[in-house]
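Engineer: No sequence on hand, only this structure:
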């Protein structure tokens, strides 16, 4: 096992944030489509559950899947659409920042590992 569970969780978080960004972009693209229901990806809960596993935490994180799900709590407009373009834009910005932070932390951890191995 080359990478520890924390590095694997960072990589999975980066992937989950990418999947969420795609879902949020789809919501924005369909903001004026009658009947469209917003979707989201809750990768935080899935990763948190995997990290809280009592057994093989590494395997649990590795096997964690992120599903794109319809948001049943969203308020639906008269045309049946449940997308609030301003809220989606804010969620996209926050998600992008979170993804960028995870990439930065993962990069630093890899640099530390490379330094420890004497590879620059």
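Structural biologist: The structure has been received and is ready for your questions. These numbers come from a predicted model, not from an experiment.

Engineer: what stretches of this structure score poorly on pLDDT?
Structural biologist: Applying pLDDT under 70 to the chain flags the ranges 1-3, 120.

Engineer: could you pull out the strands for this structure?
Structural biologist: Shown for the chain, the strands assigned by DSSP state E span residues 39-41, 68-70.

Engineer: Between those strands, which one is closest to residue 100.
Structural biologist: Each of these has some distance to residue 100 by C-beta to C-beta; the shortest is strand 39-41, at 17.1 Å. Heads up, the C-betas are built off the backbone N, CA and C, glycines and all.

Engineer: Determine the set of other helices and strands touching the closest one.
Structural biologist: Counting contacts by 3 or more C-beta pairs under 8 Å, 6 or more residues apart in numbering; DSSP states H and E, strand 39-41 is packed against helix 5-29, strand 68-70.

Engineer: how far out from the middle of the chain is the top helix by length along the chain?
Structural biologist: For the chain, the helix reaching the highest residue count under DSSP state H is reported as helix 85-117. Centre-to-centre, helix 85-117 and its host chain are 10 Å apart (C-alpha atoms, centre = their mean, to the nearest Å).

Engineer: Which other helices and strands does it contact?
Structural biologist: Counting by 3+ C-beta pairs under 8 Å, 6+ apart, the packing neighbours recorded for helix 85-117 are helix 5-29.
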